[in-house]
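> generate coordinates for the sequence data below:
(chains A and B)
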Amino acid sequence: MVFDALAGLMGDTGTSMHMLAYLDAGTGSIVFQWIVAAALGGAFALKMSWRRITAYFSRGKRDAQDND
Amino acid sequence: MTDTRWHGASFRDPSGYVFTHDGELYRTVTEGFADHYDQMANSGLVGDLTERGWLVRHEEVDPRTVGMSDVYRVLKPERIPFISYPWEWCFSQLRDAALLTLDIAWAALEHDMVLKDASAFNVQFVGSRPVFIDTLSFQSYVEGEPWPAYRQFCQHFLAPLELRSRVHPALAKLSQVNLDGVPLDLASTLLPRRTLFSPSVALHIHAHSRAQEHYSDSGGEARKAKVSQRSLFALLDSLRSAVRRTRWAPVGTTWADYYSQNNYVDEAMSCKVDQVSSFLDRVAPASVWDLGANDGRFSRMASERGAYTVAFDMDPAAVEKAYRQGCASGDCRILPLVMDLMNPTPQLGWNLEERESFLERGSPDVVLALALVHHLAIAQNVPLPRIAEFFAGLSDRLVIEFVPKSDSQVQRMLASRTDIFSDYDQAGFERAFSRYFHVESAAPVSKCDRVLYFMRRNVA
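Numbering: from 1, shown residues only, chains lettered A, B, ... in the order given. Model prediction:
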């Protein structure tokens, strides 16, 4: 099963469930979030970096237009 | 003598409880939640959210003044004019509530706090503006902790949105049957197979559902789960993209195009508008319920005159149109909701006290019932005396339009059935309503046989 393989890759990363959470987050949902959020985190970092790069160049372009 | 009552829906979260005291609404903050509450205030999260209009405003009151002891704080939140529930919202209302929930979760994380639940019941509407009402839904962020509300968000928002969008808007009722949200295995079964190729649906609903089943006994794995803060932002970003991609166009239903497809309306409408306008100007109501409001044409006349107006209609497309119009105009005094008067929202939840029935949620100054009575009497076989009894339970003042059998709409209804409605005429209508109301004025609607009545409930 693909989930098992992914969970195995994640390894033991420590214990973290908050004692004050009153909501049953669902065992399967937590394990799924653990796998999915890690994968999304990488893509999200790339997305944010790309946004910073495009923002930097668009700002440079705006500055140049203002100077004109 | 004081009267203190705990709210029927406020028992799950030990952080605090909602109660009414002498008719005013309050919320306790328990001692065990004190640190989180202080962090909310000191981190600037509450200030930020209320400043943006995302979180309902509240003031702290002295617990002793409301008969409370052994609590950390007592809050008095601003009152929401009319409480509504997710299955009563049109598609865009649910979508906007979902986006607000994600925006708040994001803002909380930026303040090193976490939104600990994502219940759709935590969002209410003031007119067309969604607002989060659960001030105690935040707790301190602990590094590595997963988002405890991920499943709840998918069940309360994403799954119902996808089902309404891709299967049928009538599936909104699944949220009424499943008060803790639509189970993901059910959503996964109902959604078309092509959604397996939609990355967000495939991930957050189909795969999520399979994982729930596969890992249902993996408590050990769940305890190991550690999610970085960046990954939580990524999860929220992914959910936001998924919600933003949901679409539904309000077309093709009978009632969404009602006004544009009925030629009689052009001739009679201006007469009705004039009559209702002058009545509203004279009475100046603070609250109005418009039953059978369609896209809210007459509701807007009431809201423009300062009345907080709830515009009920059974057709999700008509309500969608009314909501979009309200958003476009920024009208915070008109709340369109989906409601079938033949099967309105009943009391629901634990001890039948968590969610109030349609009838328990207010007592408007005026009820509008325009072009409605024939749908109840002819299409649904409700006898006129029972219709009158229903309206008498709602309000002191009633504006109601009688639509006779000679009207083309009624003729259409009777075309395919036997006319068993021997009492359905103007005299029968007046007889039925005179038991509960007296007629202040009655005016024929020009260019048709309809009559507009302005009634006042008899003093008991």
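
> the helix or strand bottoming out on mean pLDDT in chain A: what's the following helix or strand?
In chain A, no helix or strand scores lower on mean pLDDT, DSSP states H and E than helix A:2-10, which sits at a mean of 53. Moving toward the C-terminus from helix A:2-10, the next helix or strand (DSSP states H and E) is helix A:27-67.

> what packs against that next one?
Under the contact criterion of 3 or more CB pairs under 8 Å, 6 or more residues apart in numbering or on different chains; DSSP states H and E, helix A:27-67 touches helix A:2-10, helix B:150-153, helix B:208-214, helix B:219-224, helix B:229-245. (C-beta placed from N, C-alpha, C; glycine too.)

> quick one: contacts for B:D340?
B:D340 sits next to B:M314 when contact means CB atoms under 8 Å, 6 or more residues apart in numbering or on different chains.

> mind checking pLDDT for it?
According to the prediction, B:D340 has pLDDT 97.

> with A:M1 instead?
50.

> same question for B:P383.
So B:P383 comes in at 97 (pLDDT).

> what's the answer for the one 3 residues further on, then?
According to the per-residue confidence, B:R386 scores 98 in pLDDT.

> put the alpha carbons of the one helix or strand it maps to into PDB.
Counting by DSSP H and E, the element that carries B:R386 is helix B:384-392. Only the C-alpha atoms of helix B:384-392 are listed here, as PDB (Å, rounded to 0.1, in the frame of the first residue of the first chain):
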ATOM      1  CA  LEU B 384     -56.100  27.500   3.900                       C
ATOM      2  CA  PRO B 385     -57.000  27.400   7.600                       C
ATOM      3  CA  ARG B 386     -53.700  25.700   8.300                       C
ATOM      4  CA  ILE B 387     -51.800  28.200   6.200                       C
ATOM      5  CA  ALA B 388     -53.400  31.000   8.200                       C
ATOM      6  CA  GLU B 389     -52.500  29.200  11.500                       C
ATOM      7  CA  PHE B 390     -48.800  28.900  10.300                       C
ATOM      8  CA  PHE B 391     -48.500  32.600   9.600                       C
ATOM      9  CA  ALA B 392     -50.200  33.500  12.900                       C
END
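
> which strands or helices does that helix pack on?
helix B:426-434, strand B:437-444.

> give the contact list for the spatially most central residue of chain B.
Geometric centre of chain B, nearest residue: B:S84, 3.1 Å, by CA atoms, centre = their mean. Applying CB under 8 Å, 6+ apart, we find B:S84 in contact with B:Q124, B:F125, B:L335, B:L337.

> most neighbours among these, which one?
B:L335 (32 neighbours; other CB atoms under 10 Å in any protein chain shown).

> strands paired with the strand or helix carrying it, and their directions?
If you go by DSSP H and E, B:L335 is part of strand B:334-338. Strand B:334-338 has its sheet partners listed here by DSSP bridges as strand B:308-313 (parallel).

> for whatever helix or strand comes next after the strand it pairs with, buried residues please.
Where DSSP H and E defines the elements, the next helix or strand beyond strand B:308-313 is helix B:316-329. Using 16 or more other CB atoms under 10 Å in any protein chain shown as the test for burial, helix B:316-329 gives B:P316, B:A317, B:A318, B:V319, B:E320, B:K321, B:A322, B:Y323, B:R324, B:Q325, B:G326.

> about what we covered before: return the closest of the contacts of B:S84 with respect to chain A.
The closest of those to chain A turns out to be B:Q124 (CB to the nearest CB; 19.8 Å).

> from B:A322, how far off is the closest one?
Distance of B:Q124 to B:A322, computed by CB to CB, to the nearest Å: 17 Å.

> ok, B:W350 - how many residues close by?
Count around B:W350 with other CB under 10 Å applied: 12.

> now do the phi/psi pair for it.
Torsion angles at B:W350 (phi, psi; degrees, to the nearest 10) stand at phi -60, psi 130.

> for burial, what's the neighbour tally of A:S49?
Neighbour tally, A:S49, other CB under 10 Å: 10.

> distance of it from A:I35?
23 Å.

> show the residue spans covered by the strands in the stretch 351-460 of chain B.
Per DSSP state E, counting those that start in this stretch, the stretch 351-460 of chain B carries strands over the ranges B:366-369, B:397-402, B:437-444, B:451-457.

> for the second one, packing partners?
Right, the one you point to is strand B:397-402. So strand B:397-402, by 3+ CB pairs under 8 Å, 6+ apart, packs with helix B:263-283, strand B:366-369, helix B:373-374, helix B:426-434, strand B:451-457.

> list the contacts of it.
Taking CB under 8 Å, 6+ apart as the rule, strand B:397-402 contacts B:272, B:276, B:279, B:283, B:285, B:365-373, B:391, B:426, B:429, B:433, B:437, B:445, B:450-457.

> just the buried members of these?
B:272, B:276, B:279, B:283, B:285, B:365-373, B:391, B:429, B:433, B:437, B:445, B:450-455, B:457.

> just the pLDDT for residue 30.
Since you didn't name a chain, this refers to chain A. 92.

> actually, chain B is the one I wanted.
B:T30 carries a pLDDT value of 95.

> again with A:G26
Looking at A:G26, its pLDDT is 89.

> could you report the neighbour count for B:H7?
Neighbour tally, B:H7, other CB under 10 Å: 15.

> list the contacts for it?
B:Y17, B:V18, B:F19, B:T20.

> bridged to the last one, which residues?
Each beta-bridge partner of B:T20 is listed here: B:R5, B:L25, as defined by DSSP bridges.

> how much space between B:G306 and A:V31?
On the measure of CB to CB, B:G306 and A:V31 end up 53 Å apart.

> which of these two has more residues huddled nearby?
A:V31 (28 against 12).
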